[in-house]
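Colleague: Just the structure for this:
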Amino acid sequence: MSQEASLFTSRTHALAFWGGCVAVTAGVLLHLPMFLMGRYTHYVLAGMPMGAGMLAGMGLIIAGFVATGYGLLPRRKSENIVYEEIAPPENAPLTKAHWVQIIVLAVALVIDVMKAATLGFVIPGMRVEYGLTFAGVAALPFSGLLGTTVGSFLWGALADLYGRRASILLAAVIFMGTSICGAMPSFAWNIVMCFIMGLGAGGMLPVTYALLAEIMPTRHRGWCLVLVGGIGSIGGYFATSVLSALLQPTFGWRIMWLINLPIALILVALSPVLQESARFLQSMGRVREARETLARFGISVVAPTAGAAPVHALPAASPVKVRGLLGITFALTLTALSVGFVNFGVLLWLPGALMHEGRSMGAASKLIADSTLLAAPTIVLVAWLYSIWSTKRMLVLAVATTTFGLLMILLRDAFGFHLFANPILPVSLLIIGTSGIISMLLPYSAESYPLRVRGRATGWVAGFSKSGGLVAQVLGMMALVPALGLAAGAVAIPCVLSMALILFLGHETHGRDLRELESAEPAMELSTGGD
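Modeller: Residues are numbered from 1 along each chain as shown. Modelled structure (predicted):
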């Protein structure tokens, strides 16, 4: 089987995908004249009429979405699934092909984090251009976070039905199309585009972790998942803050949306080397493709001999039976809500709070970039300890670090502790802690659920990590945003509770073979429909 055949159902589907990407790119480029018209007014476009080129571009983008969605449709077969015969050896070595996947998926996570982080950097400029109140401008992050929340649940389910690889690429194409948010002359259009952008961003994160968990052998899975997650989280914040510091003083806030196009094109260009999960192909009954996918990772798997009884064969449409999921799901859901409020509430309000202290946007962006650089080396340590020590305890430690940063913000802002007058230390702790949680929470989730519900379960946790941010944005829309210190102190309480829940209800996944989850005894059934 050729590489092309494994990526698309047919040549027609491949042409539809690439043609759709070209259509979306062309549609975005047709919006650039509107943006360039504002070069004499520091790119202020509020109130300008939308031209025919922009409307034609929107049509091309919609057609491109449809074409790429059709091009990525998977083939489905009805063969029985044989886990032992084609599952990769859990002690398999890392090959060049593994490292290629690691790099591509790290790029995907950087892009995902950038979209959410960008909200905090565009809101001050957007509020001034459109003459909005703080409560009025809060509709934008609310719309974006609502999109990411819906996208996490939707893409998680889509990944179990449509495919891990296909879901990631579809999200990347949505990123490309919604970059036109930077040329929208009205605030209402920005809200609509931001919601659609959120749909794509919400889907990228859980699907990427599910795919990576299924690609990596057990002995390498832990450190790889956390390292890639940490690179994505810190890399996303760093790239966003640096680009903001470099570009916003010249091109205004709109450029932060327009750069979605070249950034997403990087991922699309890398798509030919992005592999589908062999475990997912196996669950779809595409056994021959699963074997040949493993062969590309240097893993040679022998097909079962004719007439031999398959071991642990599972019909393609059977329900998934799992045990002990309610407790861990509750613990992970609360943890996700807590980190969501920090990530999309406290950290999202941070640039504005720093500007309120008298700093410029450039200075605030630089301070956050410096804090991110301080946090970066710790991700390597987190990845190492996660892989050799304890997955559960490392997740608890990351929540504790976040809690400590929150308490320092509380002491600094609410009680005026001069020891923390310079915000770089508490901000660094918040970025270290939240980056650690983000880099471990979804990998830990992916390692805790069986194959057929892994996408949905990871999407569930990812969705609730955005729901905490929705709560924060509702407060903003109602003009009830508390002072940064008080907000930090309030969210520290559920953080402490989530630590206790993980300790008592969480399971240790260090060194666990994911195939053990497929034979768990039933306590409840999760129907997988026809997949």
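Colleague: ok, which stretches of the protein are strands?
Modeller: 81-82, 313-314, 320-322, 524-526 (DSSP state E).
Colleague: Report the separation between Gly156 and Leu406.
Modeller: Between Gly156 and Leu406 the distance is 28 Å, computed by C-beta to C-beta, to the nearest Å. In short, each C-beta sits where N, CA and C put it, glycine included.
Colleague: now do Val471
Modeller: Going from Val471 to Leu406 by C-beta to C-beta gives 16 Å.
Colleague: Which one's more surrounded, those two?
Modeller: A side-by-side neighbour count of Val471 and Leu406, using other C-beta atoms under 10 Å, places Leu406 first with 28 against 15.
Colleague: Tell me the spacing between the more buried one and Val22.
Modeller: Taking C-beta to C-beta, one finds Leu406 at 46 Å from Val22.
Colleague: Kindly report the same for His31.
Modeller: Between His31 and Val22 the computed distance is 16 Å (C-beta to C-beta).
Colleague: Which residue of the two possesses the greater neighbour count?
Modeller: His31 (25 against 13).
Colleague: what about His356, neighbour count?
Modeller: If you count neighbours by other C-beta under 10 Å, His356 ends up with 11.
Colleague: 26 is where my numbering starts, stick with that
Modeller: Okay, using 26 as the starting number, the last item reads as His381.
Colleague: Report pLDDT for it.
Modeller: On pLDDT, His381 comes in at 71.
Colleague: Contacts only, for Met465.
Modeller: Contacts of Met465 were listed using C-beta atoms under 8 Å, 6 or more residues apart in numbering, and they are 250-251, 254, 407, 411, 416, 419-420, 423.
Colleague: Equivalent analysis for Leu398, please.
Modeller: Leu398 neighbours (C-beta under 8 Å, 6+ apart): Phe263.
Colleague: I'd like the distance between it and Tyr65.
Modeller: Distance, Leu398 to Tyr65, by C-beta to C-beta: 36 Å.
Colleague: Also Ala164?
Modeller: Going from Ala164 to Tyr65 by C-beta to C-beta gives 29 Å.
Colleague: These two: which is more packed in?
Modeller: Neighbour tally, Ala164 and Tyr65, criterion other C-beta under 10 Å: the higher count belongs to Ala164, 18 against 8.
Colleague: separation between that one and Tyr474?
Modeller: Ala164 sits 35 Å away from Tyr474, going by C-beta to C-beta.
Colleague: try Val405
Modeller: With distances taken as C-beta to C-beta, Val405 is found 27 Å from Tyr474.
Colleague: The residue lying closest to Leu119 once chain neighbours are set aside: how many residues sit nearby?
Modeller: In space, and not counting its chain neighbours, Leu119 is closest to His245: 5.7 Å by C-beta to C-beta, 6 or more residues apart in numbering. His245: 18 surrounding residues under other C-beta under 10 Å.
Colleague: so for stretch 291-303, what's the average pLDDT?
Modeller: The predicted model gives stretch 291-303 an average pLDDT of 87.
Colleague: ditto for stretch 413-427
Modeller: Across stretch 413-427, pLDDT averages out at 90.
Colleague: I figured Trp485 hits Ala182, correct?
Modeller: No: using C-beta atoms under 8 Å as the test, Trp485 is too far from Ala182 to be in contact (9.6 Å).
Colleague: More neighbours: those two, which one.
Modeller: The residue with more neighbours, out of Trp485 and Ala182, is Trp485; 22 against 18, by other C-beta under 10 Å.
Colleague: and that one, what does it touch?
Modeller: 177-178, 181, 354, 358.
Colleague: Can you verify my assumption that Thr50 contacts Leu290?
Modeller: Yes: assessed by C-beta under 8 Å, Thr50 is found in contact with Leu290 at 7.1 Å.
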